[in-house]
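*Asks:* sequence and predicted structure, then a few things I'm wondering about:
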Amino acid sequence: MKKSSETRDDLANKRQTAGGARDDASNRRDRRADQRDLAGQARDDKLDMSDLAGQARDGAGDERDNAGDVRDHVAGLRDSAAEQRDRTAEEFDSRNRSRSPNRILRSELARHEAASDREAAFQDRSASAQERTEAQRDRRAALADRHVGARQRRLAEADRNTASSDRAAGLSERANAQLDRSSARIDREVSAVDREDASIDPLTGVLLRRAGFAALSRDIARARRTNIPLVVCFIDVDHLKTVNDGQGHAAGDQMLLNVASTLRSRLRASDLIFRYGGDEFVCIFPDSDSSFGELRLAQVNEELARCPSPASVTAGFAELRPEDSSEDLVARADSELYRKRKLR
């Protein structure tokens with residue numbers, strides 16, 4: 001039984017350790033999940049900036065296209081004006097075959113202005129082409145920004161999915177940790193029952209010798225700490241061997257059971273009983289002296305005498321001394337019992 005309880009305690013400790021390890025693992029997973037969420041948020045912020053940059057580039061491209069359209073329109077107007085000036089100069093020349101220097105100058109001036117208009121129109125169209133080239137460059141840059149943004153979104157989504165998986169795994173780890181702790185608690189409870197069973201006499205239901213001496217040591221320490229008296233009673237069941245030999249061991253067992261039951265009924269809740277040997281019991285009376293113990297044992301013998309199978313006990317008492325160990329105290333009570341038997 002002792003080995004079983006120790007094995008259960010070891011198993012409980014292992015389960016408790018496993019529970020702690022699972023909690024640590026779940027905490028690590030939560031931290032990783034937080035980091036991934038932060039990374040996802042950073043990626044989202046970055047792609048929002050990329051989107052804004054793309055929109056700005058698209059806007060700039062639209063403005064450049066509009067400027068190019070305006071320049072093309074102005075160039076068209078200049079070409080039209082130049083053609084009109086050429087026509088005017090040709091008509092003027094055809095109407096005035098014999099031209100004066102003044103008229104020649106006016107015709108040349110019209111053609112010069114037409115050439116200037118065409119040059120300006122050419123420059124406008126060149127500037128328009130440049131605007132459209134810049135607009136195309138802006139749109140390509142905007143498209144690249146959007147590609148980067150889309151990739152960042154995919155990575156952010158992957159970060160969030162991984163964070164969600166980490167949190168789910170952390171939750172599972174915590175559930176397993178709780179299961180480990182529950183199992184450890186059950187193991188300890190079963191171990192405590194095993195220990196209790198190992199410390200109880202299966203026949204009489206009182207403490208066995210080893211557990212009884214442990215309890216006596218605690219009571220002695222308490223008595224010394226609180227400066228109260230304590231007395232030990234060593235009990236021997238009278239004529240048990242005769243009953244065993246004459247009526248059988250079942251009758252002897254019943255006698256022992258009757259003695260233990262009577263002791264429990266007549267002693268206080270604070271008093272302890274343990275079985276020392278085959279027909280021997282030890283009683284511990286805290287905050288009491290020998291006269292109190294003798295009174296209680298007298299009541300026990302009176303009740304045993306009224307049983308269907310009458311019995312009796314003989315007892316020796318020893319009061320706690322400053323130098324006593326638990327073994328010394330029981331030995332002195334046993335010696336007192338032996339002295340009483342010799343006097344009979």
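*Replies:* Thanks, I have the structure now. Owing to the predicted nature of the structure, the values given are computational and were not obtained by experimental measurement. Residues are numbered from 1 along each chain as shown.
*Asks:* shaky segments in the stretch 151-300 of the chain?
*Replies:* Scanning the stretch 151-300 of the chain for pLDDT under 70 picks out 179, 182-184, 186-197.
*Asks:* mind doing that once more with 90?
*Replies:* 151-198 (pLDDT under 90).
*Asks:* in it, which spans are strands?
*Replies:* Assigned by DSSP state E, counting those that start in this stretch, the strands in the stretch 151-300 of the chain fall at 230-237, 272-275, 280-286.
*Asks:* mind saving the C-alpha coords of the shortest one as CSV?
*Replies:* The C-alpha atoms that make up strand 272-275 are tabulated as CSV, following Å, rounded to 0.1, in the frame of the first residue of the first chain:
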residue,chain,number,x,y,z
LEU,A,272,-5.9,9.0,20.1
ILE,A,273,-5.8,5.2,20.1
PHE,A,274,-3.4,3.0,18.2
ARG,A,275,-2.8,-0.7,18.2
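*Asks:* list the buried residues in that strand.
*Replies:* Residues of strand 272-275 classed as buried by neighbour count (16 or more other Cβ atoms under 10 Å): 272-275. From N, CA and C alone the C-beta is placed, and that goes for glycine too.
*Asks:* okay, the residues you listed in CSV with distance to residue 27 next?
*Replies:* What follows is these, written out as CSV (distance: Cβ to Cβ, whole Å):
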residue, distance to residue 27
272, 47
273, 51
274, 48
275, 51
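*Asks:* go through those residues and name the one nearest residue 295.
*Replies:* When those are ranked by distance to residue 295 (Cβ to Cβ), residue 273 comes first, at 16.5 Å.
*Asks:* count the neighbours of residue 64 for me.
*Replies:* 21 (other Cβ atoms under 10 Å).
*Asks:* can you tell me the element it falls in?
*Replies:* Assessed by DSSP states H and E, residue 64 sits inside helix 2-95.
*Asks:* quick revisit: figure out which of the strands of the stretch 151-300 of the chain is closest to residue 318.
*Replies:* Closest among the strands of the stretch 151-300 of the chain, using Cβ to Cβ: strand 230-237, at 5.2 Å.
*Asks:* quick one: residue 308 is in a helix?
*Replies:* No - counting by DSSP: H, G, I helix; E, B strand; the rest coil, residue 308 falls outside a helix, being coil.
*Asks:* next one: it from residue 254, what distance?
*Replies:* Distance, residue 308 to residue 254, using Cβ to Cβ, to the nearest Å: 10 Å.
*Asks:* and the two? Which one has more around it.
*Replies:* A side-by-side neighbour count of residue 308 and residue 254, using other Cβ under 10 Å, places residue 254 first with 18 against 6.
*Asks:* go ahead and confirm the more buried one touches residue 309.
*Replies:* Yes - applying Cβ atoms under 8 Å as the test, residue 254 and residue 309 come out as touching, 6.7 Å apart.
*Asks:* how far does stretch 223-240 stretch from one end to the other?
*Replies:* 34 Å (Cα to Cα, to the nearest Å).
*Asks:* so which bits of it are buried?
*Replies:* Buried residues in stretch 223-240, counted by 16+ other Cβ under 10 Å: 223, 230-238, 240.
*Asks:* what's the answer for stretch 76-95, then?
*Replies:* 78-79, 81-82, 85-86, 88-89.
*Asks:* please name the nearest non-neighbouring residue to residue 324.
*Replies:* residue 220 (7.2 Å; Cβ to Cβ, 6 or more residues apart in numbering).
*Asks:* show me what contacts that neighbour?
*Replies:* Neighbouring residues of residue 220 by Cβ atoms under 8 Å, 6 or more residues apart in numbering: 230, 320, 324-326, 329.
*Asks:* how near is residue 214 to residue 151?
*Replies:* In terms of Cβ to Cβ, residue 214 sits 72 Å off from residue 151.
*Asks:* what does residue 117 give?
*Replies:* Distance from residue 117 to residue 151, by Cβ to Cβ: 51 Å.
*Asks:* of these two, which one has the most company?
*Replies:* residue 117 (21 against 13).
*Asks:* find the helix or strand that that one is a member of.
*Replies:* Residue-wise, residue 117 maps onto helix 101-199 under DSSP H and E.
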